[in-house]
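S.K.: heads up, no residue letters with this:
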């Protein structure tokens, strides 16, 4: 999809950034690269939780976990509906990971700091997880707040109510905001309500994620695609808004 030596793609008629004053970022697999090995650890912890809850072996627990993910959007939502699991206990367990492989990202921090206006994190994970990861990346201080899955009443993206709740909570005008996200389907509603949308994909195939989660798909609801977020902000956004 990308031309040789290129890392960004902008669709014809895409929404730009000249009027944006609120910058919204997903966390997992968006603000850090796959080699940070954050998500594989979380994914493994979720599998372990399912193993212990149901008394299953690893393969069976993994299959059930993926069934839950595809049916409910997140394993957490499935377990809350079917087993009345305490969501806070689940999140603490799933996010109990080693952060040592997360490297300071000075280029990303510099680019985010220079964005004019407000910066917010919108995640299906927990506030604690988002703050821990963002702190290791060296970018936490650039964000005004984190809107996490608890703030969304444990309703995950891509549900419309989650975005609507986020907009109200933080008084965000969708027509003056941009969302950076790693899963294409999570950009459908944001684009419908007026946000500029940017799909962040891995530079190489990530073996720990499903194919649909990392596809650089060209769809009407995706304005821009990049496999290098820091460079995209520096090369495609800051020259327009800086």
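M.R.: That came through fine. Source: prediction; values computed, not measured. Residues are numbered from 1 along each chain as shown.

S.K.: Tell me the spacing between the residue most central in space within the chain and residue 231.
M.R.: The geometric centre of the chain, computed from its C-alpha atoms, lies nearest to residue 26 (CA atoms, centre = their mean), at 3.0 Å. From residue 26 across to residue 231, the span is 18 Å (CB to CB, to the nearest Å). Bear in mind the C-beta positions are built from the backbone N, C-alpha and C, glycine included.

S.K.: What count of nearby residues applies to the closest residue to residue 105 other than its chain neighbours?
M.R.: What sits nearest to residue 105 in space, not counting adjacent residues and going by CB to CB, 6 or more residues apart in numbering, is residue 137, at 4.9 Å. Using other CB atoms under 10 Å, residue 137 has 23 neighbouring residues.

S.K.: which ones are touching residue 137?
M.R.: Contact partners of residue 137, counting by CB atoms under 8 Å, 6 or more residues apart in numbering, are 31, 32, 102, 103, 104, 105, 108, 109.

S.K.: How about residue 130?
M.R.: 27, 121, 123, 146, 148 are the contacts of residue 130 under CB under 8 Å, 6+ apart.

S.K.: for residue 24, phi and psi?
M.R.: Dihedral pair for residue 24: phi -120, psi 130, per degrees, to the nearest 10.

S.K.: ok, how many other residues are close to the residue found closest to it once you drop the neighbours it is linked to in the chain?
M.R.: Residue nearest to residue 24 in three dimensions, not counting chain neighbours: residue 179, with 4.7 Å by CB to CB, 6+ apart. Burial measure for residue 179: 27 neighbouring residues, criterion other CB under 10 Å.

S.K.: Provide the backbone phi and psi angles at residue 179.
M.R.: For residue 179, the backbone dihedrals (degrees, to the nearest 10) come out as phi -120, psi 130.

S.K.: Check what pLDDT it gets.
M.R.: Each residue has a pLDDT score; the one for residue 179 is 98.

S.K.: try the one 4 residues further on
M.R.: On the pLDDT scale, residue 183 is placed at 93.

S.K.: What of the one 5 residues further on?
M.R.: Per-residue pLDDT puts residue 188 at 97.

S.K.: Residue 3 now?
M.R.: pLDDT, residue 3: 60.

S.K.: For the protein, which helix or strand comes out least confident on mean pLDDT?
M.R.: When each helix and strand of the chain is scored by mean pLDDT, DSSP states H and E, strand 8-10 comes last, with a mean of 92.

S.K.: who does it touch, helix- and strand-wise?
M.R.: Counting by 3 or more CB pairs under 8 Å, 6 or more residues apart in numbering; DSSP states H and E, the packing neighbours recorded for strand 8-10 are strand 224-226.

S.K.: how close does residue 209 get to residue 69?
M.R.: Distance, residue 209 to residue 69, by CB to CB: 11 Å.

S.K.: I meant to write residue 106 there.
M.R.: Counting by CB to CB, the gap from residue 106 to residue 69 is 34 Å.

S.K.: just to revisit the earlier point, got a winner among the contacts of residue 137 for most neighbours?
M.R.: Comparing the contacts of residue 137 by number of neighbours (other CB under 10 Å), residue 31 comes first, having 27 neighbours.

S.K.: show me the contacts for that residue.
M.R.: Contacts of residue 31 by CB under 8 Å, 6+ apart are 25, 108, 121, 133, 134, 137, 139, 229.

S.K.: Just the residues you listed: which are in strands?
M.R.: 25, 121 (DSSP state E).

S.K.: just the contacts of residue 31 now: which is nearest residue 51?
M.R.: Taking CB to CB as the measure, residue 51 lies nearest residue 133 of those, at 24.6 Å.
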